[in-house]
Each structure stands twice: as C-alpha cells, then as structure tokens.
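A.B. asks: sequence? don't have it. structure:
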C-alpha cells in the first residue's frame, strides 16, 4: 500500500486485517484494531499510534522512515477518451455515456459492465449482489461498492481494478461483504474506506488517505503485482 503525506494518512481500525505487502504511510499511522497480521513491513513518516487487542502479528516492527518515494500512481488522465491507454485497448475500451449517469451516478445492472477498460464520467455505485466484473473502472467521481460478493477483476494484464479522480472523503467506499478487487485501487487525491467484511484487496491501495474499519479484510501482494513504468 502507498500513501501521500498528511495527518491521519493511514488508519487501521478494523479486526482481523491481513497485509502480505508493505504497509506504508508518508504521514501518520494509526493501528488500533485487533487480531492483525501485518507481515511484510510497516513504515510511517510522521507519528505512530498503536492500541492493539487480541492476538497480533506485526513483524518486523513498525519503523519510521523519511517521507517520499511515492509509488507509481495511475491518474484518471491516463484513462480518459483519447489517452494512450484508451487507444491501446481498442475495442476493449468503453466510455459510458453521461446520459447513463442518473442523478450524477452510474449504477450498472447485473452483467451490464463491459469487459476491458470502462471510463465513467460521474460517480459509480456497484450494488448488484454477486456481480463478476472483468474490467478496470476509471471514474471521474466517487466509487461506492454496496453489494455483497462483488468481484472487480481487471481483464487486461497489469491494469488496476479502480482509478478514481474524486478528492476528499469517501472517494472509494467498500461497504459490501466479500468484495474482491483483483487489481490495485488508485485514489491519489481521495480517501479509500474499507468498511466491509471479508474483503480481498489484491495488489494494494494507493490513496491520499486510507481507513480500514471493517473486519477480516486482506491486502494481498504477489509477484504479479506490478505496473510497467
């Protein structure tokens, strides 16, 4: 996971959080949950707060580092119509018409999200229970996932699951249970709030602020989690 500077940049306040990749905050880091498994390193740039309950495994111990060295970040500009990524994707690139945004929100019906790269000019609400979405969703607004058992799996190699232009609070909110995001989540100017139960976030989250407040959420990193420069 990667984070930008700022107070309260990373808050892990849930129960049963598991991270197999580096947990890094350029700003403050607060770990106040229970039954944590953070096993690939924990870094913070400013202040560390810990208040742990239950049985926890945080090894190696958290260490303070100099802020900086931000990870590679995908921006919404990379996915807008006419961008290099859009041109390379060809027929696998889909731009949702603004008329499909009802009240400023696109809420796709079950099976209505095309595979490939999907650009959305507004907020997105994924609410269809049990949806299997084989796409990267790049949104100009916020993304909220309220349905249970939703999977967002990029169909193009090395692509993220979600790219969000929204700034400030709740740029991405995951409320549904057993949500699986098969690629990185990028919200470089906003907050990502993992508030669901039993979610899987593969290849991490990069955001201005992250709040893990749900239970039994896993942030998994493997050798295929990479982005070509």
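C.D. replies: Yep, it's here. The shown structure was predicted, so the numbers you read here are calculated from the model rather than taken from an experiment. Residues are numbered from 1 along each chain as shown.

A.B. asks: what's residue 38 in contact with, if anything?
C.D. replies: If you count contacts by C-beta atoms under 8 Å, 6 or more residues apart in numbering, residue 38 has them with 12, 17, 18, 19, 23, 31, 57, 58, 59. Any C-beta I mention is one placed from the backbone N, CA and C, and that applies to glycine too.

A.B. asks: do residue 195 as well
C.D. replies: Remark: with contacts taken as C-beta under 8 Å, 6+ apart, residue 195 is in contact with 173, 174, 175, 211, 213, 214.

A.B. asks: rerun at 10 Å
C.D. replies: Residues near residue 195 by C-beta atoms under 10 Å, 6 or more residues apart in numbering: 14, 145, 170, 173-176, 211-215, 217.

A.B. asks: Next one: it from residue 78, what distance?
C.D. replies: When C-beta to C-beta, to the nearest Å is the yardstick, residue 195 and residue 78 sit 27 Å from each other.

A.B. asks: Bridged to the residue positioned nearest the centre of the chain, which residues?
C.D. replies: Against the mean C-alpha coordinate of the chain, by C-alpha atoms, centre = their mean, the closest residue is residue 185 at 3.0 Å. In this entry, residue 185 is beta-bridged to residue 162, residue 205, by DSSP bridges.

A.B. asks: my read: it touches residue 200, true?
C.D. replies: No - in this structure, residue 185 sits apart from residue 200 without contact. The criterion is C-beta atoms under 10 Å, and the distance is 11.7 Å.

A.B. asks: if I look at the two, which residues touch both of them?
C.D. replies: With C-beta under 10 Å, 6+ apart, residue 185 and residue 200 have common neighbours residue 219.

A.B. asks: so residue 156 sits in a helix?
C.D. replies: No - per DSSP: H, G, I helix; E, B strand; the rest coil, residue 156 lies outside any helix segment and is coil.

A.B. asks: If you tally nearby residues, what's the number for the closest residue to residue 55 other than its chain neighbours?
C.D. replies: Take residue 55 and drop its neighbours on the chain: the residue closest to it by C-beta to C-beta, 6 or more residues apart in numbering is residue 35, 5.9 Å away. Using other C-beta atoms under 10 Å, residue 35 is surrounded by 17 other residues.

A.B. asks: got it, and residue 22?
C.D. replies: Using other C-beta under 10 Å as the criterion, the residues surrounding residue 22 number 16.

A.B. asks: Hmm, it is touching residue 206, no?
C.D. replies: No - the pair formed by residue 22 and residue 206 falls short of the contact definition of C-beta under 10 Å, at 11.8 Å.
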